[in-house]
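S.K.: 3D, please:
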Amino acid sequence: MARALYVHWPFCAKKCPYCDFNSHVRETVDVEAWRAALLADMRAEAEAAGGETLRSIFFGGGTPSLMPPALASELIDEAQRLWGFAPGIEITLEANPSSVEAANFADLARAGINRVSLGVQSLEDEALRWLGRLHGAQEALNALETAQARFQRVSFDLIYALPGQTARQWEAQLDRALSLGTTHLSLYQLTIEPGTRFATDVRRGVFEPLDDDEAAELYGLTQERTAAASLPAYEISNHAAPGEESRHNLTYWRYQDYAGIGPGAHGRRGGFATERHKKPENYLKAVNERGHGIAVQSQLTSEAQISEALLMGLRLVAGIDLAGLEARFGRARWAMVSREAVERYQALGLVWQRDDRLGVEREGMGVLNSLIAELVGDELVSG
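M.R.: Reported below is the predicted structural model:
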């Protein structure tokens, strides 16, 4: 059943002011306790979501590069024992580009990690300080060079559309990033998430987010420059050379089953949604008492599954396969998708439809959530 496995390591050295992920700062971490809990949770999940070999594993966080490489190795070995690995399995680990974590790259590669995603976030020291990062630009470049020498595949993240950022500034940084030789880039517009320190700062008037029109200009520039460098977008914020797309993330966006373990991890399997306890201490307690970390497990209605499939699939440049959705959920396409909305937005140049595929044009990606709300069929809403 499970095609992919997500492992959440919840600890960070510092909480970034823009971050709303399930990350926590702790003075000490009992590695042995976490080893026992993650292995037990993985075994429990394999009992419920076994039956198909894994195509990918993703260590996310938090900062999983702070995880001891020996623990990563043990988790990978256990996953192989429980599920088995498909040929060419992709095993990704998110890492911060600090010199301390880069020193672990060789051991992580020996543990089985073959793809790393570096949280560079900016190539400018001033922006890194504002974003609350603990590394500098040169340290990030050094870590990137080390990663490229150790891992088969390397990606890195950048955040743009910062307050006051101009098109010329972003173009210069983006061109530099494209010259660094990776085959994948994740390029995210700064989003002010509720509950973050940046949300508080905006509310208090400490800074103003970049104007929507200016952010849209930077988005368009990003699509043009990456395409020209043969790293076109394949998802709203992700760019890759052909064949270098994140196979793990494609599992999410194509709405295929995946298992998720660790604090706050989500999963989808056989029409069920799972969510683990978010707070690390509560997660450990649950695993010790029940043998797994699940806080909520619920059966999704077909309407909820179709809505999720649309929400995820329309993020992809390739769009969604309407015939595939019909076969999977046993519904006519125009019961799942509003024909009237498709025709209206197609006339406006925001949506495209070719044969059995439906997707969002580049001009529509900036208002994707609003478009999806309109595209969902009336029968799903009433259902």
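
S.K.: Show me the shaky parts of the protein.
M.R.: Across the chain, the ranges flagged by pLDDT under 70 are 1-2, 377-383.

S.K.: Would you mind splitting it into its domains for me?
M.R.: 4-253, 302-382 (automatic domain parsing).

S.K.: hang on, Thr92 in a strand?
M.R.: Yes: using DSSP: H, G, I helix; E, B strand; the rest coil, the assignment for Thr92 is a strand.

S.K.: Settle this for me: it is touching Ile113, isn't it.
M.R.: Yes: the pair formed by Thr92 and Ile113 meets the contact definition of Cβ atoms under 8 Å, at 7.3 Å. In this view, the C-beta of every residue, glycine as well, is placed from N, C-alpha and C.

S.K.: Show me the common contact partners of those two, please.
M.R.: Residues touching both Thr92 and Ile113 (Cβ atoms under 8 Å, 6 or more residues apart in numbering) are Phe59.

S.K.: among the domains of the chain, which is nearest Lys279?
M.R.: Of all the domains of the chain, the one in closest proximity to Lys279, counting by Cβ to Cβ, is domain 4-253 (7.7 Å).

S.K.: before we move on, back to that, same list (the domains of the chain) but as TSV, adding mean neighbour count.
M.R.: Listed next are those as TSV, based on neighbours: other Cβ atoms under 10 Å:
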stretch	mean neighbour count
domain 4-253	18
domain 302-382	17
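
S.K.: And those domains: which comes nearest Val287?
M.R.: domain 4-253 (4.3 Å).

S.K.: Can you check the distance spanned by the closest one, start to finish?
M.R.: Chord length of domain 4-253, first to last residue, is 12 Å (Cα to Cα, to the nearest Å).

S.K.: Could you give the separation of that domain from the chain centroid?
M.R.: Its chain's C-alpha centre and that of domain 4-253 lie 8 Å apart, by Cα atoms, centre = their mean, to the nearest Å.

S.K.: Quick check: the gap between the spatially closest residue to Glu245 that is not a sequence neighbour and Asn249.
M.R.: Spatial nearest neighbour of Glu245, excluding adjacent residues (Cβ to Cβ, 6 or more residues apart in numbering): Tyr234 at 5.2 Å. Distance of Tyr234 to Asn249, given as Cβ to Cβ, to the nearest Å: 10 Å.

S.K.: same question, Gly164
M.R.: Taken as Cβ to Cβ, the span from Gly164 to Asn249 is 31 Å.

S.K.: now the helices for the stretch 151-300 of the chain?
M.R.: Counting by DSSP state H, counting those that start in this stretch, the stretch 151-300 of the chain has helices at residues 167-178, 197-204, 212-228, 247-253, 280-290.

S.K.: Now distance to Ala37 too, for those, in a markdown table please.
M.R.: Below are these laid out as a markdown table (distance: least, Cβ to Cβ, whole Å):
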| stretch | distance to Ala37 |
| --- | --- |
| helix 167-178 | 37 |
| helix 197-204 | 29 |
| helix 212-228 | 40 |
| helix 247-253 | 22 |
| helix 280-290 | 4 |
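
S.K.: For His24, find the nearest of these.
M.R.: Among the helices of the stretch 151-300 of the chain, the nearest to His24 by Cβ to Cβ is helix 280-290 (5.7 Å).

S.K.: Any buried residues in that closest one, and which?
M.R.: By neighbour count with 16 or more other Cβ atoms under 10 Å, helix 280-290 contains the buried residues Pro280, Tyr283, Leu284, Ala286, Val287.

S.K.: Can you lay out those as a markdown table showing distance to Glu245?
M.R.: Shown next, in a markdown table, are those (distance: Cβ to Cβ, whole Å):
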| residue | distance to Glu245 |
| --- | --- |
| Pro280 | 32 |
| Tyr283 | 31 |
| Leu284 | 35 |
| Ala286 | 35 |
| Val287 | 33 |
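
S.K.: Kind regards, and thank you for your time.
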